[in-house]
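Visitor: give me a model of this one.
(chains A and B)
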Number of protein chains: 2
Amino acid sequence: MTKVCRTIASLRQTQSALKAAGRSSALVPTMGALHDGHLALVTHAASLADAVIATIFVNPTQFGPNEDLDRYPRQEQADLDALQRAGVHAVFMPDVEEMYGSHDATRILMEGPALGLESDFRPHFFQGVATVVSRLLLASMCDIAVFGEKDYQQLLVIKRMVADLKIPVAIQGSPTVREADGLALSSRNAYLSEDERERAPELNRALQICRETLRSGASEADALAKAVAHVKAFDFRPDYIELRDAQTLGPLQDLGSARLLAAAWLGKTRLIDNIAV
Amino acid sequence: MTKVCRTIASLRQTQSALKAAGRSSALVPTMGALHDGHLALVTHAASLADAVIATIFVNPTQFGPNEDLDRYPRQEQADLDALQRAGVHAVFMPDVEEMYGSHDATRILMEGPALGLESDFRPHFFQGVATVVSRLLLASMCDIAVFGEKDYQQLLVIKRMVADLKIPVAIQGSPTVREADGLALSSRNAYLSEDERERAPELNRALQICRETLRSGASEADALAKAVAHVKAFDFRPDYIELRDAQTLGPLQDLGSARLLAAAWLGKTRLIDNIAV
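Guide: A predicted model of the protein is given here:
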């Protein structure tokens, strides 16, 4: 039976009981609106530890003033049912007051992998992510935490933060789960119209075209231009399509350790994707 | 025999051994140059837990570009001897690279109790303090950490940060230790010339005059003006002498829960002090 914890005190009791029984635990932080990508994170987490603790919290500090906080999909009971079927030991589901009290005065400020890409378009995003993830890690004190590679820059930001702050947890990335046509699973895919859904996989296709073009010996500029042209042909409005160092997200030194990352708007929906090169 | 840990890995081994033995621990973070005030923190910590872990680290991120990082007093062997005599279980003494690696990209940003007072004169101070203290707490994972009330604003900033970030540690304040003439013990007292040392207790005397004046029914403005006049008569250059709410450091609501805080220069040395009202 999956335990639902709505307070940090209850979460800590759950963790104490696990530790007293000598059981390791892995955290899977989510914003709910769960899909098969989240459930793959749970499966991955279950392979790494004795018990999985999932969290559901739509974190207000990572949304900008004109972003989709209010319309972000919420489906608490369906999410709990899915996590129970997936064999999760406990679900931490705090309200905003539990995570950010009325005297809250602390934020985590990130540079390094947080610079550029998403930050150029969502300036408060990684401050919000780092702020909430640090709290989830410290409230749960799990041995391991699992994050999807679909949010690749976020994964590197969290790894950097955990190393810098000396948080005693091991961060594990988990491969992106895709629809049969290549579209990366995302809670925001629910925003897409039928027509947009048909075109959505072209973002991933553009990244593959870019990779193939690079491998055939073309310049980075030519390969990236091809990807941009491809998504524009399907009426995407790209925020960025960039090649970066896969470990630091700094400027690319060597094509052998490159990551190709993209964000683009399809109508009113912003999609992101990334692949290894 | 006091164990000296120069790496986080070694500190974590020490903590694991304590936990395995069922022993609680209390952290006493210092910047070295230890005096009886620090040793009172150790004694306080020893009364709260089975083992005391002291840290010695002169944290560069809490010094401004024109402050005294380079000339801050350092006396490693004398400090280790004093901590050993005080019965400390272990001393964590990392170098800068161990606390801030070359890819370091994470800072803690504080508002609330960090606003005003010290921040008006040392704008990066509490970001540096919060950044290093969070790391020391998380590297050591002690049950308790003890900080002096002499740095009263710092104590409240750390309590706020620990509550906000959900760091699993209890923060305890420890009363200011004073010389017989009232001067609060500080590593920076070593900077004072003989003449300055004679005048130094007048900062504390000014705070007492202010408190007595308030208790006699005078207005806050009159009482504070008296304190400022007193230190100026002894050639101090005050940065601030202020009355604040003792819990939040926000504007004073009620004289019954007030704290009186001051910072002032005596020659090239900056002294701080505070008392309850």
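Visitor: can you give me the strands for chain A?
Guide: Taking DSSP state E as the criterion, chain A carries its strands at A:3-5, A:25-30, A:51-56, A:90-92, A:106-110, A:144-148, A:170-174, A:237-245, A:258-266, A:269-276.
Visitor: what's the closest of these to chain B?
Guide: Closest to chain B of those, according to C-beta to the nearest C-beta: strand A:106-110, at 3.7 Å. C-betas here are computed from N, CA, C, even on glycine.
Visitor: mind listing what's buried in stretch A:75-85?
Guide: Neighbour counts over stretch A:75-85 (16 or more other C-beta atoms under 10 Å in any protein chain shown) mark A:79, A:80, A:82, A:83 as buried.
Visitor: and the residue in the stretch 151-277 of chain A that chain B sits nearest to, how close does it get to residue B:138?
Guide: Going by C-beta to the nearest C-beta, chain B is nearest to residue A:164 of the stretch 151-277 of chain A, at 3.7 Å. Noted for residue A:164: a distance of 10 Å to residue B:138, by C-beta to C-beta, to the nearest Å.
Visitor: next one: residue A:26
Guide: Distance of residue A:26 to residue B:138, computed by C-beta to C-beta: 19 Å.
Visitor: the two: which has the busier surroundings?
Guide: Higher neighbour count among residue A:26 and residue B:138: residue A:26, with 27 against 22, using other C-beta atoms under 10 Å in any protein chain shown.
Visitor: is residue A:106 in a bridge, and if so with what?
Guide: With DSSP bridges applied, the residues forming beta bridges to residue A:106 are residue B:110.
Visitor: tally of neighbours for the spatially closest residue to residue A:111 that is not a sequence neighbour?
Guide: Spatial nearest neighbour of residue A:111, chain neighbours left out: residue B:105 (4.4 Å); criterion: C-beta to C-beta, 6 or more residues apart in numbering or on different chains. Neighbourhood size, residue B:105 [other C-beta under 10 Å]: 19.
Visitor: now residue A:94
Guide: By other C-beta under 10 Å, neighbour count at residue A:94 equals 20.
Visitor: tell me the pLDDT at it?
Guide: For residue A:94, the pLDDT comes out at 98.
Visitor: and for residue A:233?
Guide: For residue A:233, the pLDDT comes out at 98.
Visitor: go on, residue A:272?
Guide: The per-residue pLDDT reported for residue A:272 equals 98.
Visitor: so it touches residue A:263, yeah?
Guide: Yes: the pair residue A:272 and residue A:263 passes the contact test of C-beta atoms under 8 Å, sitting 4.5 Å apart.
Visitor: overlap of the contact sets of those two?
Guide: By C-beta atoms under 8 Å, 6 or more residues apart in numbering or on different chains, residue A:272 and residue A:263 have these common neighbours: residue A:118.
Visitor: what ranges does the stretch 151-277 of chain A have for its helices?
Guide: A:152-165, A:194-199, A:202-215, A:220-233 (DSSP state H, counting those that start in this stretch).
Visitor: deepest-packed of those, please.
Guide: Among the helices of the stretch 151-277 of chain A, helix A:152-165 has the highest mean neighbour count (mean count of other C-beta atoms under 10 Å in any protein chain shown), at a mean of 23.
Visitor: mind putting the helices of the stretch 151-277 of chain A into a markdown table with distance to residue B:131?
Guide: Shown next, in a markdown table, are these (distance: least, C-beta to C-beta, whole Å):
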| stretch | distance to residue B:131 |
| --- | --- |
| helix A:152-165 | 9 |
| helix A:194-199 | 43 |
| helix A:202-215 | 37 |
| helix A:220-233 | 36 |
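Visitor: out of those helices, flag the one nearest residue B:61.
Guide: Nearest to residue B:61 among those is helix A:152-165 (11.6 Å), distances taken as C-beta to C-beta.
Visitor: contacting residues around that closest one?
Guide: A:108, A:110, A:112-114, A:117-118, A:126, A:129-130, A:133-134, A:137, A:145, A:147-149, A:167, A:169, A:171, A:173, A:247-249, A:259, A:261, A:274, B:100-101, B:103-106, B:134-135, B:138.
Visitor: of the residues you listed, buried ones?
Guide: Neighbour-count burial (16+ other C-beta under 10 Å) applied to the contacts of helix A:152-165 gives A:108, A:110, A:112-114, A:117-118, A:126, A:129-130, A:133-134, A:137, A:145, A:147-149, A:167, A:169, A:171, A:173, A:249, A:259, A:261, A:274, B:100, B:104-106, B:134-135, B:138.
Visitor: near chain B, which residues of the stretch 101-250 of chain A show up?
Guide: Taking C-beta under 8 Å from any C-beta of the partner chain as the criterion, the stretch 101-250 of chain A approaches chain B at residues A:101, A:103-114, A:130, A:134-135, A:138-139, A:141, A:160-161, A:163-168, A:248.
Visitor: 10 Å instead?
Guide: Proximity of the stretch 101-250 of chain A to chain B (C-beta under 10 Å from any C-beta of the partner chain) is limited to residues A:101, A:103-115, A:127, A:130-131, A:134-141, A:157, A:160-169, A:247-248, A:250.
Visitor: how many residues are close by residue A:124?
Guide: Residue A:124: 16 surrounding residues under other C-beta under 10 Å.
Visitor: got the phi and psi for it?
Guide: phi -100, psi 0 (degrees, to the nearest 10).
Visitor: that one and residue A:66 touch, don't they?
Guide: No: counting by C-beta atoms under 10 Å, residue A:124 does not reach residue A:66; the two are 11.4 Å apart.
Visitor: which ones are touching the residue of chain A most remote from its centre?
Guide: In chain A, residue A:217 marks the outermost C-alpha relative to the chain mean, sitting 31.8 Å out by C-alpha atoms, centre = their mean. Shown in contact with residue A:217 (C-beta atoms under 10 Å, 6 or more residues apart in numbering or on different chains): residue A:223.
Visitor: how about it, phi and psi?
Guide: The phi/psi pair for residue A:217 (degrees, to the nearest 10) reads phi 100, psi 0.
Visitor: residues in contact with residue A:137?
Guide: Contacts of residue A:137 were listed using C-beta under 10 Å, 6+ apart, and they are A:27, A:29, A:55, A:145, A:158, A:161-162, A:165, A:167-169, A:171, B:138, B:165-166.
Visitor: of all the residues you listed, which two lie farthest apart?
Guide: Farthest pair in these (C-beta to C-beta) is A:55 and B:138. Separation: 19.4 Å.
Visitor: what's the average pLDDT for the longest helix anywhere in chain A?
Guide: Secondary structure of chain A per DSSP state H: the longest helix is helix A:125-140. The pLDDT scores in helix A:125-140 average 98.
Visitor: for stretch A:30-47, same thing?
Guide: Mean predicted confidence for stretch A:30-47 is 97.
Visitor: any idea how far residue A:257 is from residue A:227?
Guide: Separation of residue A:227 from residue A:257 (C-beta to C-beta): 19 Å.
Visitor: ok, now residue A:62?
Guide: Residue A:62 is 28 Å from residue A:257, by C-beta to C-beta.
Visitor: these two: who's more crowded?
Guide: Counted by other C-beta under 10 Å, residue A:62 and residue A:257 do not tie: residue A:62 has more neighbours, with 21 against 14.
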